[in-house]
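Q: Okay, here's the prediction I keep looking at, along with the sequence it came from:
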Amino acid sequence: MKTKIALLGITLIAFFAMIDTAHATPSTQIWIPSTDIQGFKSLHLGVDNYNTVGKKSADGGHAFPTNYGLTVGVIPSETIGVEVGIDIREASDDPNYFNAKIGIDEGKLFDSSPALAFGGYEFGTNSNANDYNILYGLAAKTFEDFGRISFGYYSGNDKLLLDKNGKKDASGLLASWDRSLGDKFWVAIDYMGGKNAYGATSFGVSYALSDKSSFIVGYDIFTEKDLDNDGVNDNADTMTFQLDVDLF
């Protein structure tokens, strides 16, 4: 508990120290990162839940630890954005994770240039236990009346990112489509390649409760269900509910 309080305190201290200067899941689609960046001086709270639906424990029914994330936008620039974050996942033996991302909005490099983002997440605190250390790059382009298309690539800790046979499977494609439907609704589909614990196709819809809060309801279809190769769907598909609130 003292460790969690200290980490949360460090994040808040860093935020307030930057004034007159913040998901540690980074700003995301449904499952994968996006090219979006939290704005300068913003402090963002994300609470994410994932659980199976209609499955008994013996058949792979489970819930992921609830993720409580704080993300801070830290750069006062109209061209480049930077966000840093911390996640606490409970209940979990190793609950603390960190992330960071740098990005450039569409049209900032030149007319019609894509958005670009480079970052990392799942930086855990226990070596070869929760330090998945996923690094990624993404490019995104918005097309009128169609929405935004994103493509990228990721690579992580090959001691933890394994397939069901225990072989290294630590990299893959990132892709997504998302689109706003008026002022309140937003929809997205995303894909993370690989037959490791993160490989999945996800889709969902977001509803804006206000200009500072929204929630997502989605579903995650994991590429490899039986990672232990024991006949049990320990990586069964999950429903997700995600609450996002801009505190500042």
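A: Yes, it's here. What you see is a predicted model; the values in this text were computed from it and never measured.

Q: give me the low-pLDDT residue ranges for the chain?
A: 1-26 (pLDDT under 70).

Q: need the strands for it, in chain order.
A: Under the criterion DSSP state E, the chain contains strands at 43-51, 66-73, 80-90, 96-104, 115-124, 134-143, 147-155, 171-181, 185-192, 200-208, 213-222, 238-246.

Q: Columns mean neighbour count and distance to Lys164 on top of the ones you listed, output as a markdown table?
A: C-beta: built from backbone N, CA, C; applies to glycine. Listed next are the strands of the chain as a markdown table, based on neighbours: other CB atoms under 10 Å; distance: least, CB to CB, whole Å:
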| stretch | mean neighbour count | distance to Lys164 |
| --- | --- | --- |
| strand 43-51 | 18 | 20 |
| strand 66-73 | 22 | 25 |
| strand 80-90 | 21 | 23 |
| strand 96-104 | 21 | 24 |
| strand 115-124 | 21 | 20 |
| strand 134-143 | 18 | 19 |
| strand 147-155 | 19 | 19 |
| strand 171-181 | 18 | 15 |
| strand 185-192 | 20 | 17 |
| strand 200-208 | 19 | 15 |
| strand 213-222 | 18 | 11 |
| strand 238-246 | 18 | 18 |
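
Q: Just put these in JSON lines and tack on distance to Ser57.
A: Formatted as JSON lines, those follow (distance: least, CB to CB, whole Å):
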{"stretch": "strand 43-51", "distance to Ser57": "12"}
{"stretch": "strand 66-73", "distance to Ser57": "18"}
{"stretch": "strand 80-90", "distance to Ser57": "20"}
{"stretch": "strand 96-104", "distance to Ser57": "26"}
{"stretch": "strand 115-124", "distance to Ser57": "26"}
{"stretch": "strand 134-143", "distance to Ser57": "28"}
{"stretch": "strand 147-155", "distance to Ser57": "31"}
{"stretch": "strand 171-181", "distance to Ser57": "29"}
{"stretch": "strand 185-192", "distance to Ser57": "26"}
{"stretch": "strand 200-208", "distance to Ser57": "21"}
{"stretch": "strand 213-222", "distance to Ser57": "17"}
{"stretch": "strand 238-246", "distance to Ser57": "14"}
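
Q: Please name the residues that touch the residue nearest to Gln38 when sequence neighbours are not counted.
A: Residue nearest to Gln38 in three dimensions, not counting chain neighbours: Gly73, with 3.8 Å by CB to CB, 6 or more residues apart in numbering. Gly73 makes contact with Ala22, Ile37, Gln38, Gly39, Phe40, Lys41, Ser42, His44, Gly81, Val82, Glu83, according to CB atoms under 8 Å, 6 or more residues apart in numbering.

Q: What sits closest to the second one if chain neighbours are left out?
A: Once its chain neighbours are removed from consideration, Ile37 has its nearest residue in Gly81; the separation is 3.2 Å (CB to CB, 6+ apart).

Q: Looks like that neighbour contacts Ile102 (just checking).
A: Yes. Using CB atoms under 8 Å, Gly81 is in contact with Ile102, at 7.1 Å.

Q: any shared contact partners between those two?
A: Ile37.

Q: Identify the residue nearest Tyr132 in space, chain neighbours excluded?
A: Glu122 (3.7 Å).

Q: pretty sure the one you found contacts Ser155?
A: No. The pair Glu122 and Ser155 fails to qualify as a contact (CB under 8 Å) at a distance of 11.8 Å.

Q: which residues are common contacts for those two?
A: Shared contacts of Glu122 and Ser155 (CB under 8 Å, 6+ apart): Ile134.

Q: just to revisit the earlier point, adding distance to Asp220, write the contacts of Gly73 out as CSV.
A: Compiled in CSV, the contacts of Gly73 are given as follows (distance: CB to CB, whole Å):
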residue, distance to Asp220
Ala22, 26
Ile37, 24
Gln38, 23
Gly39, 28
Phe40, 31
Lys41, 32
Ser42, 27
His44, 22
Gly81, 27
Val82, 28
Glu83, 23
